[in-house]
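> model the following, please.
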Amino acid sequence: MKRELGIARCGLACCLCGEAAHCAGCDSGDCPDKDRCENRACSLERGVAHCFDCPQEDCKKGMLQKSKPYGFTAFARRYGEQALLDCLERNEQKGVVYHREGIWGDYDQFDDVEELLRFIKTGESGKDKEALKKMTHLEQMVGELLDQAKVCFIAYLDDEGYPVTKAMLQPRERNNLGEIWFSTNTSSQKVRAFRENPKASVYFVDLEQFKGVSLVGTVEVLETPEAKERLWRQGDQLYYKQGVNDPDYCVLRFNAVKGRYYHNFQSEDFEVRD
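Numbers count the residues shown, from 1 in each chain. Have a look, this model is predicted:
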């Protein structure tokens, strides 16, 4: 953000404009639209620096017919130009994009002015909150399935590129949906395959409730003492005779990136959040 470019007379953010690399801003005299800009001509005639300095609050002249400049003008009139710049700068740091494609960006999705003002203030829209609420509920349902499923499968690609699926014991740990930890044999084919190609999928199913979730991502093969100690449980010596330091005992950390959840006779795709 080039804060020194400030806000244009019509309310657009010169400081965030995609043209900022070679344009010095609305009042520089270099703007290619200056001679045909209705808001510039009007504000100069009225002796004000910006449309938000004008007492005619309901004006829809020129660019003010569009929701973004109208909303920015309303925000600056209500809270001040510096508050608007502060919010735009903070929102940019949060990942809000002024121009994504052409002149369209995250601030252009609003028809309701008050909703746009709330978005400027917080960087979060009502749509974002609803999506987050829905995602949180989905994550909860999928997480419960992961914890309760008695059947789990992991798939990898063999040397010839064919997918191979293996049944697994339940995960020893998980960190939300993004990290799922398994223990297995170092000598197994899947470990050799994951060392060559880490791409994988895991599938959990609840046969009684007819629910399932597929997750795709990558697998890391871990043989550090810390990782092996972390997943070691009482009774594991039945499988690994040399105990936690058995060379045939290792850890798989599956890092999920997206998934597909099946329930109530329908499927739902989702991205796995960090």
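> any idea what sits nearest E271, other than its immediate chain neighbours?
K258 (5.1 Å; Cβ to Cβ, 6 or more residues apart in numbering). In short, each C-beta sits where N, CA and C put it, glycine included.
> who's V164 bridged to?
Judged by DSSP bridges, the bridge partners of V164 are Y156.
> so it makes contact with F194?
No. With contact defined as Cβ atoms under 8 Å, V164 does not count as touching F194 (11.2 Å).
> between these two, tell me which one has more neighbours.
The neighbour comparison of V164 against F194 (other Cβ atoms under 10 Å) goes to F194, with 22 against 12.
> now do the phi/psi pair for that one.
The phi/psi pair for F194 (degrees, to the nearest 10) reads phi -70, psi -30.
> tell me the contacts of it?
By Cβ atoms under 8 Å, 6 or more residues apart in numbering, F194 lies in contact with Y156, A200, V219, E220, V221, L252.
> tabulate these (JSON lines), appending neighbour count.
Supplementary listing: the contacts of F194 in JSON lines, determined by neighbours: other Cβ atoms under 10 Å:
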{"residue": "Y156", "neighbour count": "22"}
{"residue": "A200", "neighbour count": "22"}
{"residue": "V219", "neighbour count": "24"}
{"residue": "E220", "neighbour count": "15"}
{"residue": "V221", "neighbour count": "18"}
{"residue": "L252", "neighbour count": "25"}
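> now, which of those lie within strands?
If you go by DSSP state E, the contacts of F194 have Y156, A200, V219, E220, V221, L252 in strands.
> mind picking the two most distant members of those residues?
Within the ones in strands among the contacts of F194, Y156 and E220 form the most distant pair, 13.0 Å apart (Cβ to Cβ).
> closest to Q148 among the contacts of F194?
L252 (20.7 Å).
> returning to that earlier point: of the ones in strands among the contacts of F194, closest to T122?
Nearest to T122 among these is E220, at 36.8 Å by Cβ to Cβ.
> what's the distance between the closest one and R253?
Distance check for E220 against R253: by Cβ to Cβ, to the nearest Å, it reads 5 Å.
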